[in-house]
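**Student:** A structural model of the following input is requested.
(chains A and B)
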Amino acid sequence: MAMKAMLIDAMRCIGCRGCQVACKTWNGRKAEKTEFFSGPGYQNPGDLSAETLTLITYNEVQVNGRFDWVFGKKQCMHCNTPACAAACPVGALKKLESGPVIYQKHRCIGCRYCMLACPFEIPRFEYDSANPYITKCTMCADRLETGGVPACSKVCPTGAIAFGDRDEMIREAQHRINQNPSGYYHEIYGLEEAGGTCVLHISNVPFDKLGHRTDVPKHAVNKDTEQAMEAIPIVMLGLAALLGGIYMLRTRTVHHESDAPRADG
Amino acid sequence: MSEHKSATGPGGRLLYLIAGLGIVIALWRFANGIGAVSNLNQGYPWGFWIGFDILAGIALAAGGFVVAALVHIFGGERYHPLVRPAIFTAFLGYLLFITGLLVDIGRPWTFWQMIIFWHHESPMFEVGWCVMMYTTILFLEFVPAVLEKYKKTVWLERWRTYSPWIAWALVVLFTIALIRTVAWVVAVGGVLLLFQILVHRGVIRRDPRVPTLLIIAGVLFSTMHQSSLGTVFTMVPHKLHPLWYSPILPVLFFTSAVMTGLAMVIVEATLSARYLRRPPESDLLSGIGRGLWWALIVYLGLRTLDLAVRGAAAEAFAVTPQSLAFWLEILVGVVIPLAMLVSRDSVSSDRGLFWASLLVVIGLVINRLNVAITGIHAATAERYVPHWMEIAVSAGIVSAGILVYRAVVRWLPVIEEHQHADRTASGRTGAHGRPAGGSQP
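**Tutor:** Numbering: from 1, shown residues only, chains lettered A, B, ... in the order given. This is a model prediction of the structure:
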């Protein structure tokens, strides 16, 4: 199965938040008591939480000299090389070949390293539970298995959340930008971020205006970690041989000189 | 010894109180979730517990493997009286650290799942395995003190026979879990197997006090553990401030752990001598102090070089909370102790040595808190400041540790009682002649 991706087009989003509702319904997440203005502008709830896996961000941005509402979508980016999956000690987070980064909750020990590692700061933790799990968007991997599309994509009334093969989605994004070069911002967020992701965003304004982090490295963030982990066997073997060797050589000399008291007292 | 009545002086009572409060808060956390007792949030999933209990706690326990290697591998025989207290401190430190971990991780009752769900790419997997492996090794290194106390000579003999093989099996298992390449497993396991066979055949001299393979395994696991805690943070180039983020974090964590291990040996030996009303091991400790001076030089050199090569040195001169925290850490933990230890006189003065070492320990704690808290920037939450209950839990753990330490040093032969007589005696054979096993010379 080719790697799937979502293409989220801020130009088509009308901010109805149908995707937020569909996401909660499909994933069985509870409703939250929220307050207005707990986040930037009119978005509600203020941020992703253990119960809210996707969020439409409301951003008042200057477009062509006048202020306008531009809506972004916050959710798991489903990285091609996910830091959360590399970080997880028990392999609870896992990248599927078909695109989604899934969470196998029965494995999770609750160490929260995935939250620290994620360059997009997506995974959430159930801080109020005595038996807490991590929660995050799974691209509705269970729906994809039966040939469906993610719940948010299915419900979107304006087609702002397209879903298909990643290559196809990249072509589609480029096509839309080319068709309307004065309207779109000429970049695809997610094409290279953190080594490329399976959620792609296009927009009429720069992505930081939609609440996306634009300082994310353009390579997989676990590059240095991989190098450090590759050194393990070399250090193990080197140290074992060194310590054993030193002990052997040292005790050999001592043996020849017998155990006579040394004169450094 | 008879002049000591009990641990419940006014100081003792305070320790019980703090430990008790810690237990109450920990119970509250298990009933109501981590959010009920901490300020940890969605942007800052790690805080004081990780920085203090785990990152700093493990580094402070480094004295165990540093002194064990110094004496049993490198042959610093005169330091033998320091081995057992250092190993006991390390063992106790690891047990306390595991207690802290149980509070911090969300579902601690599933911690054992690391044994069945292997993910060798994860630094946290390495950390978890090192914890389990090295705690077992520390138990094996410490258990003779208990066996001696109750004169279990048969068990001591069994310990002497089987503990190297258990150590070997643990190293091989660890290598399989972490490396997953047959050639490497065969190489690492083979080298140690060869060593043990040569010891058996009498080609390599058998250390009558403790199986050398046990010590080697301890050094291996410690080295991996100390460095892996640094590796954990190589995953966050986008979140950790450039004053601390470095691809060589594992090396820096290891070096600073060795340095702090030495400092802890001095601090702990001085304090326990005071507690047991004996004169401190001055000449041994000043020897350790000279080693500490060199370790500080190496660490300072590495830190400076690392900052220069990465082009992050300028960050230290910008006025930010991070740069202030950086200078605090470097001045308190490295520069001032270096200056204090520069002269021969100060190294051989008990007071100077103790205070310099204490500064190194404090500096290390600041460094680990900087990596875990001050240096981390997340966009999601405004900021993280530890809740008083988080600090109370850690304080409770430390207090419980001091209480256990006091009880154990008066119960078990951890700190050797006649060492002064030995050292003032004409020869150096004292350490040799009184093996840990209490048997053959």
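
**Student:** Select the longest helix from the chain.
**Tutor:** This is for chain A. Selection of the longest helix in chain A by residue count, based on DSSP state H, yields helix A:232-256.

**Student:** Let me rephrase: I mean chain B.
**Tutor:** Of all segments of type helix in chain B, defined using DSSP H, the longest is helix B:282-310.

**Student:** helix or strand right after that one?
**Tutor:** Taking DSSP states H and E as the definition, the helix or strand that follows helix B:282-310 towards the C-terminus is helix B:321-330.

**Student:** Report the backbone C-alpha coordinates of stretch B:241-261 in CSV.
**Tutor:** C-alpha atoms of stretch B:241-261 as CSV (Å, rounded to 0.1, in the frame of the first residue of the first chain):
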residue,chain,number,x,y,z
HIS,B,241,18.9,25.5,24.3
PRO,B,242,22.2,25.5,22.4
LEU,B,243,24.2,26.0,25.6
TRP,B,244,23.2,22.4,26.4
TYR,B,245,22.2,20.7,23.2
SER,B,246,25.1,18.9,21.7
PRO,B,247,25.6,15.8,19.7
ILE,B,248,28.2,14.8,22.3
LEU,B,249,25.8,15.0,25.2
PRO,B,250,26.3,11.3,26.0
VAL,B,251,30.1,12.0,26.4
LEU,B,252,29.4,15.1,28.5
PHE,B,253,27.0,13.3,30.7
PHE,B,254,29.4,10.4,31.3
THR,B,255,32.4,12.7,32.0
SER,B,256,30.4,14.9,34.5
ALA,B,257,29.1,11.7,36.1
VAL,B,258,32.7,10.4,36.7
MET,B,259,33.6,13.8,38.1
THR,B,260,30.6,13.9,40.4
GLY,B,261,31.1,10.3,41.5
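
**Student:** Could you confirm whether that stretch reaches chain A?
**Tutor:** Yes: judged by C-beta under 8 Å from any C-beta of the partner chain, stretch B:241-261 comes into contact with chain A through B:247, B:249-250. For the C-beta atoms, the positions are set from N, CA and C on the backbone; glycine is no exception.

**Student:** ok, of those residues, which one's closest to B:Phe65?
**Tutor:** Proximity to B:Phe65 was ranked across the residues of stretch B:241-261 next to chain A by C-beta to C-beta; first place goes to B:Pro250, at 16.0 Å.

**Student:** and the strand or helix carrying the closest one, how far from the chain's centre?
**Tutor:** Under the criterion of DSSP H and E, B:Pro250 resides in helix B:249-275. Its chain's C-alpha centre and that of helix B:249-275 lie 8 Å apart, by C-alpha atoms, centre = their mean, to the nearest Å.

**Student:** as a whole number, average confidence for it?
**Tutor:** Averaged across helix B:249-275, the pLDDT comes to 94.

**Student:** just checking, what packs against it?
**Tutor:** Applying 3 or more C-beta pairs under 8 Å, 6 or more residues apart in numbering or on different chains; DSSP states H and E, one finds that helix B:249-275 makes contact with helix B:57-60, helix B:63-72, helix B:80-104, helix B:212-232, helix B:282-310, helix B:350-369, helix B:388-411.

**Student:** Just the buried positions in it, please.
**Tutor:** Using 16 or more other C-beta atoms under 10 Å in any protein chain shown as the burial criterion, the residues of helix B:249-275 that qualify are B:249-270, B:272-273, B:275.

**Student:** Are the strand or helix carrying B:Ala183 and chain A in contact anywhere?
**Tutor:** Secondary structure here is read from DSSP H and E; on that basis B:Ala183 sits in helix B:182-201. Yes: for helix B:182-201, a contact with chain A is found by C-beta under 8 Å from any C-beta, at B:184, B:187-188, B:191-192, B:195, B:198.

**Student:** just the residues of stretch B:241-261 next to chain A now: which is nearest chain A?
**Tutor:** Comparing the residues of stretch B:241-261 next to chain A against chain A with C-beta to the nearest C-beta places B:Pro247 closest, at 4.3 Å.

**Student:** Leaving out chain neighbours, which residue sits closest to A:Ser38?
**Tutor:** A:Gly46 (3.5 Å; C-beta to C-beta, 6 or more residues apart in numbering or on different chains).

**Student:** And the residue of chain A closest to chain B?
**Tutor:** Scanning chain A for the residue nearest chain B gives A:Gly110, at 2.0 Å (criterion: C-beta to the nearest C-beta).

**Student:** of the residues of helix B:182-201 next to chain A, buried ones?
**Tutor:** In terms of neighbour count (16+ other C-beta under 10 Å), the buried residues within the residues of helix B:182-201 next to chain A are B:184, B:187-188, B:191-192, B:195.

**Student:** Compile these into a markdown table and extend it with columns for pLDDT.
**Tutor:** Rendered in a markdown table, the data for these read as follows (pLDDT from 0 to 100):
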| residue | pLDDT |
| --- | --- |
| B:Trp184 | 93 |
| B:Ala187 | 95 |
| B:Val188 | 95 |
| B:Val191 | 96 |
| B:Leu192 | 96 |
| B:Phe195 | 95 |
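
**Student:** before we move on, the earlier item: which of the residues of helix B:182-201 next to chain A sits closest to A:Cys23?
**Tutor:** Top of the list for closeness to A:Cys23, among those and by C-beta to C-beta, is B:Trp184 at 44.7 Å.

**Student:** check contacts around B:Val404.
**Tutor:** Contact criterion C-beta atoms under 8 Å, 6 or more residues apart in numbering or on different chains gives B:Leu92 as the residues in contact with B:Val404.

**Student:** how close does it get to B:Gly218?
**Tutor:** 21 Å (C-beta to C-beta, to the nearest Å).

**Student:** State the number of residues packed around residue 179.
**Tutor:** Answering for chain A, as no chain was given. Neighbourhood size, A:Gln179 [other C-beta atoms under 10 Å in any protein chain shown]: 9.

**Student:** My question was about chain B, not that one.
**Tutor:** Look at B:Ile179: counted by other C-beta under 10 Å, it has 20 neighbours.

**Student:** so the residue of chain A closest to chain B, which of the three states?
**Tutor:** At A:Gly110, secondary structure determined by DSSP: H, G, I helix; E, B strand; the rest coil is coil.

**Student:** Pretty sure it sits against B:Val103.
**Tutor:** No: counting by C-beta atoms under 8 Å, no contact exists between A:Gly110 and B:Val103, whose distance comes to 11.2 Å.

**Student:** Can you give me the pLDDT of the residue in chain B positioned nearest to chain A?
**Tutor:** Closest contact between chain B and chain A, by C-beta to the nearest C-beta, is at B:Gly106 (2.0 Å). pLDDT for B:Gly106: 94.

**Student:** And for B:Ile216?
**Tutor:** Looking at B:Ile216, its pLDDT reads 97.

**Student:** In this model A:Ala240 seems to touch it, though I could be wrong.
**Tutor:** Yes: counting by C-beta under 8 Å, B:Ile216 touches A:Ala240, with 6.5 Å between them.

**Student:** out of these two, which sits in the busier spot?
**Tutor:** Comparing B:Ile216 with A:Ala240 by neighbour count (other C-beta under 10 Å), the higher total belongs to B:Ile216, at 29 against 25.

**Student:** excluding its backbone neighbours, what's nearest that one?
**Tutor:** Closest residue to B:Ile216 in three dimensions, ignoring its sequence neighbours and counting by C-beta to C-beta, 6+ apart: A:Leu243, at 4.8 Å.

**Student:** Thought B:Val219 was touching the one you found, still the case?
**Tutor:** Yes: checked against C-beta under 8 Å, the pair A:Leu243 and B:Val219 is within contact range at 6.0 Å.

**Student:** And A:Lys223, how close does it get to B:Val236?
**Tutor:** Per C-beta to C-beta, A:Lys223 is found 12 Å from B:Val236.

**Student:** shared neighbours, A:Leu243 and B:Val219?
**Tutor:** Counting by C-beta under 8 Å, 6+ apart, the residues touching both A:Leu243 and B:Val219 are B:69, B:73.
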